[in-house]
Structure formats: C-alpha cells, structure tokens
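**Student:** Please work out how this folds:
(2 chains)
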2 protein chains.
Amino acid sequence: MDGTNTADELRTIEIIFDAKARTLGKMQSEITVTSRYSDLSFTLQTDEGKLHGGEGKAPMPLHYFAAGVVTCLMTQMKAFAKRLRIPVDDIAMTAAFHWQLQQSGRDPYVSEPVGITIDIEADSGAPLDDLKRLVAAAKEGCFAEKALTQIVPIGHRLKVGDDWIEV
Amino acid sequence: MDGTNTADELRTIEIIFDAKARTLGKMQSEITVTSRYSDLSFTLQTDEGKLHGGEGKAPMPLHYFAAGVVTCLMTQMKAFAKRLRIPVDDIAMTAAFHWQLQQSGRDPYVSEPVGITIDIEADSGAPLDDLKRLVAAAKEGCFAEKALTQIVPIGHRLKVGDDWIEV
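**Tutor:** Residues are numbered from 1 along each chain as shown, chains lettered A, B, ... in the order given. Model prediction:
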C-alpha cells in the first residue's frame, strides 16, 4: 500500500499462516500455527483412531480441517452481517464432509473428495433476500471455502543433506 | 462391498466427517466434529484476533484449517512408510498458507488462495528415490491436499421456516 489510498479504494491484503509440525510417538503429531496478520499462535496435537494405528487421544487431522472450514464460514457470516447491516444473532451450521478412498490390499490408498454440504440456521428477522446476500458474501470471503472451490497450487520440498529439492 | 472381495481387489471406502457448529459470544464459535469411520468425536472452540473483533482466546478457523492440512500429509507419510516398507523415523514439516483479500472501504472482502508451500524433513536412511515415492503416495492419499488441488462441490442450504432452500 502506498499511503495514498482513500477509504473506498480497493486494497489488497496478504494473509499468511505459518505452520511447524513434527511427529510424536505412534501416529501422533504436534503443530504450531501462527497467523502473521494477527500474530496469534497456537499449538495443537493430533492423533489417529485405532483403525489407523493411533490411540484416539487427540483430534484427527480431518477433525481440524472440517472444523476450520465450517467455523471460517460462520465467522465470515458474523463479520459481514455487521458490515452489511443485516441483523443476525446466533448462527448454527450442520455440515458433512465426504471423501472416497480406493484401496487395493495393503497398497497406499488414493483419496478423492466427493463433496461438502453445509446447512445454515440463522436467528434473524431479516428478509430472505438479505440473508441470501449475506451467505453469498460469506462464501466469497471465506478463505477455506475459496481454497476448496478452486485449484490451489501446493509446492513440496524435501530436505536432502543441506539442500532442498522439489518433490 | 459385496463380500466377495479378495485382499487385492480394488475397494472403495466412504470417509465422512459430520460437524455441528454454533456461535458463542462475540466472534467465538464451538464445533463438534465426528468421524463416522472411526467414531471419534471432538469439540473445539474458535475465536478471532482483536483486529477481527475477537479476543484471541482460542485458535482461529484458519489455525485449525492449516493444522489439518499439514498433519494430514504427515500422517499419510507415517502410515504409507510402513505399507511401502520404507524406514522413516521422525518427520518435520514447515508450511506457509498464503491468501489475498481484496477490500474496498467497509464492504465485505473477497478472498483468494495464492498457494501453499510444505517443506519436509524426514529422518531416514532410505534412498532418495524411495523418499520421493513415499511423498508422492502421501500426496495422493492425503484427504486435505486432494480437496485443495481439486474443485470440491460445496452445497449450502438455508433454513427458512420449516423448509431448507439452496443458497
């Protein structure tokens, strides 16, 4: 930003989250995620269920993933209700995240996303058109949904000695 | 599955996570996520930073989202190392999740994913080709990565009186 922006000029803001993770015993991991923008950092543990060799002592990665997607949309609805001056009190959502995996014997399986459904209940006396407009804005603002409904480039590097190679 | 499968026949398994979320005070939410496959259920709280009207008392939705993606890949690497008989001890990952948002005045912003980078350190004496093969298999198996690198259909419904309408 060059300092000459007025309040109504289109601004671009970079939103970056950094993560550092390591494996613990068995199928457990620990990860620290930091938001650069708001400088908030949290450390979380993960585990797997017994079917996948874990002990079920902490949420599975997909518990966190699904939680992030749904609460991201909910937060956008709350924030944008204020900006759009659409009165909304409590919001509740019921969601289902569906994948399929293809597996042959003990080979590594291949997973594919099938789809997600999100049912929204908003405690509001606002007209239906306003609520539709609010949901539409929340979908456009929701970082998680936008990452799911577009193709996101993911670059992987592997450390080999002192070097990093693309894999 | 029809009961006639042999061990090496290709099987399809449905993986579904259900989530129920509700808003709490200010920008806080609570969400319970349940894995149907392993019947594991966890309840998590979310909050936002002060810049977004919250109090920073719990992870933001994107903390959970990023944690889910990275630990999902890490778990796949650990699980598939066993299946591929590639010896790997500890794994560490450093990741960055990058979005941009476009904002004009106080209008609801629009977000776009830019990309994700994941750097992997694997404590292993295995040949480089084996480690490359392991990372490739983990990428194909990782539910979160596959949902980000493909377009996932997300259906939204809004409750209106006793009915649900597509929005």
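**Student:** What ranges does chain A have for its helices?
**Tutor:** Taking DSSP state H to define them, one finds helices in chain A at A:61-83, A:128-141, A:143-148.
**Student:** Okay, angle between the first one and helix A:128-141 too, please.
**Tutor:** This means helix A:61-83. Interaxial angle of helix A:61-83 relative to helix A:128-141 (axes from the mean of the first three to the mean of the last three Cα atoms, to 10 degrees): 130 degrees.
**Student:** one step back: okay, the helices of chain A in JSON lines with distance to chain B and mean pLDDT next?
**Tutor:** C-beta coordinates here come from the backbone N, C-alpha and C atoms, glycine included. Output for the helices of chain A, formatted as JSON lines (distance: least, Cβ to the nearest Cβ, whole Å; pLDDT from 0 to 100):
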{"stretch": "helix A:61-83", "distance to chain B": "3", "mean pLDDT": "97"}
{"stretch": "helix A:128-141", "distance to chain B": "4", "mean pLDDT": "98"}
{"stretch": "helix A:143-148", "distance to chain B": "4", "mean pLDDT": "98"}
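**Student:** so residue A:130 makes contact with residue A:86?
**Tutor:** Yes. In this structure, residue A:130 is within contact of residue A:86 by Cβ atoms under 8 Å, at 4.7 Å.
**Student:** Dump the helices of chain A to JSON lines, plus mean neighbour count.
**Tutor:** Listed next are the helices of chain A as JSON lines, based on neighbours: other Cβ atoms under 10 Å in any protein chain shown:
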{"stretch": "helix A:61-83", "mean neighbour count": "26"}
{"stretch": "helix A:128-141", "mean neighbour count": "19"}
{"stretch": "helix A:143-148", "mean neighbour count": "24"}
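**Student:** So for residue B:12, which of these sits nearest?
**Tutor:** helix A:61-83 (17.9 Å; Cβ to Cβ).
**Student:** Please tell me I have it right and residue A:20 contacts residue A:41.
**Tutor:** No. Counting by Cβ under 8 Å, residue A:20 stays clear of residue A:41, with 10.0 Å between them.
**Student:** For the two, list the residues in contact with both.
**Tutor:** residue A:32 (Cβ atoms under 8 Å, 6 or more residues apart in numbering or on different chains).
**Student:** related to what we said a few turns ago, can you tell me which of the helices of chain A is nearest to residue B:81?
**Tutor:** Per Cβ to Cβ, nearest to residue B:81 of the helices of chain A: helix A:61-83, 16.4 Å.
**Student:** chain center to the closest one: distance?
**Tutor:** In this view, helix A:61-83 has its centroid 8 Å away from the chain centroid, taken as Cα atoms, centre = their mean, to the nearest Å.
**Student:** now stretch A:99-106
**Tutor:** 25 Å.
**Student:** can you tell which of the helices of chain A is closest to residue B:57?
**Tutor:** Taking those one by one with Cβ to Cβ, helix A:61-83 is closest: 13.7 Å.
**Student:** Restricting to C-alpha, output the closest one in PDB.
**Tutor:** The C-alpha coordinates for helix A:61-83 follow below in PDB (Å, rounded to 0.1, in the frame of the first residue of the first chain):
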ATOM      1  CA  PRO A  61      -6.200 -34.000  11.100                       C
ATOM      2  CA  LEU A  62      -9.600 -34.100   9.400                       C
ATOM      3  CA  HIS A  63     -11.400 -33.000  12.600                       C
ATOM      4  CA  TYR A  64      -9.300 -29.900  12.500                       C
ATOM      5  CA  PHE A  65      -9.700 -29.500   8.700                       C
ATOM      6  CA  ALA A  66     -13.500 -29.700   8.900                       C
ATOM      7  CA  ALA A  67     -13.700 -27.500  12.000                       C
ATOM      8  CA  GLY A  68     -11.700 -24.900  10.200                       C
ATOM      9  CA  VAL A  69     -13.900 -24.800   7.100                       C
ATOM     10  CA  VAL A  70     -17.200 -24.600   8.900                       C
ATOM     11  CA  THR A  71     -16.100 -22.000  11.500                       C
ATOM     12  CA  CYS A  72     -14.400 -19.900   8.800                       C
ATOM     13  CA  LEU A  73     -17.800 -19.600   7.100                       C
ATOM     14  CA  MET A  74     -19.600 -18.900  10.300                       C
ATOM     15  CA  THR A  75     -17.100 -16.200  11.300                       C
ATOM     16  CA  GLN A  76     -17.500 -14.500   7.900                       C
ATOM     17  CA  MET A  77     -21.300 -14.500   8.300                       C
ATOM     18  CA  LYS A  78     -21.000 -12.800  11.700                       C
ATOM     19  CA  ALA A  79     -18.400 -10.300  10.500                       C
ATOM     20  CA  PHE A  80     -20.200  -9.500   7.300                       C
ATOM     21  CA  ALA A  81     -23.700  -9.200   8.900                       C
ATOM     22  CA  LYS A  82     -22.300  -6.100  10.700                       C
ATOM     23  CA  ARG A  83     -20.700  -4.700   7.500                       C
END
